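>>> Got a predicted structure here, sequence first:
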Amino acid sequence: MPESYTRPAMRLRRFEYTHPGPYFVTICLQDRRPRFGTILDGRLELNNAGHMVEEVWQSLASRFPSISLDTFIVMPDHVHGLLLLNNGIETEDTPHLSKVMQAFKSMTTTRYIEGVKKGIWPRFDKHLWQQNYYDHIIRDERDLDIRRQYIAENPARWSQKHDT
């Protein structure tokens, strides 16, 4: 990569990502290999690594008491989640969305490396997760419902894409 290369910004310019409210996030594995399970006939079957990722997601609310977790799914090579910063109320201890995502990636990577060292999970090259993540600021109740439905239907869409 040339020295002058800069990665394009993924975040919305001039938006404060500590703003109270719901956010939809997608985080993909670096190599997009299915490390967290399989999907057969539209049904998600998580392996131990996938269950570990679920546990770490659920632990975020205790690590960041001002967030609430909503719908979440671990897919074979990525995750989708909805979370609410500050339960919609502005306070001084609101974490930046990127800090929450960084903690999630760090905790899952650390635990995954422990599994690799024990010979439980396959090795990965340099990074478990892609450097960036996708986010969408939820604008209203309809938008939230659409994202919840998207998460719920993700295994069926996976089967449609990968079974052809």
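Thanks, I have it. Residues are numbered from 1 along each chain as shown.

>>> Work out for me the element the residue nearest to residue 121 when sequence neighbours are not counted sits within.
Nearest residue to residue 121, sequence neighbours excluded (Cβ to Cβ, 6 or more residues apart in numbering): residue 115, at 3.9 Å. Heads up, the C-betas are built off the backbone N, CA and C, glycines and all. Of the helices and strands defined by DSSP states H and E, residue 115 is found in helix 97-117.

>>> and that helix, what does it pack onto?
Applying 3 or more Cβ pairs under 8 Å, 6 or more residues apart in numbering; DSSP states H and E, one finds that helix 97-117 contacts strand 21-28, helix 48-63, strand 78-85.

>>> do that again at 6 Å, thanks
Other elements packing on helix 97-117 under the criterion 3 or more Cβ pairs under 6 Å, 6 or more residues apart in numbering; DSSP states H and E are helix 48-63.

>>> Extract the CA atoms of the helix it packs on and return them as CSV.
Listed next in CSV are the C-alpha coordinates belonging to helix 48-63 (Å, rounded to 0.1, in the frame of the first residue of the first chain):
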residue,chain,number,x,y,z
ASN,A,48,-18.0,-22.8,20.8
ALA,A,49,-16.3,-19.8,19.3
GLY,A,50,-19.7,-18.4,18.3
HIS,A,51,-21.0,-18.9,21.8
MET,A,52,-18.0,-17.1,23.2
VAL,A,53,-18.7,-14.2,20.9
GLU,A,54,-22.4,-14.1,22.1
GLU,A,55,-21.2,-14.2,25.8
VAL,A,56,-18.8,-11.2,25.2
TRP,A,57,-21.6,-9.2,23.5
GLN,A,58,-23.9,-9.9,26.5
SER,A,59,-21.1,-8.7,28.9
LEU,A,60,-20.9,-5.3,27.3
ALA,A,61,-23.8,-4.0,29.3
SER,A,62,-21.9,-4.7,32.6
ARG,A,63,-18.7,-3.2,31.2
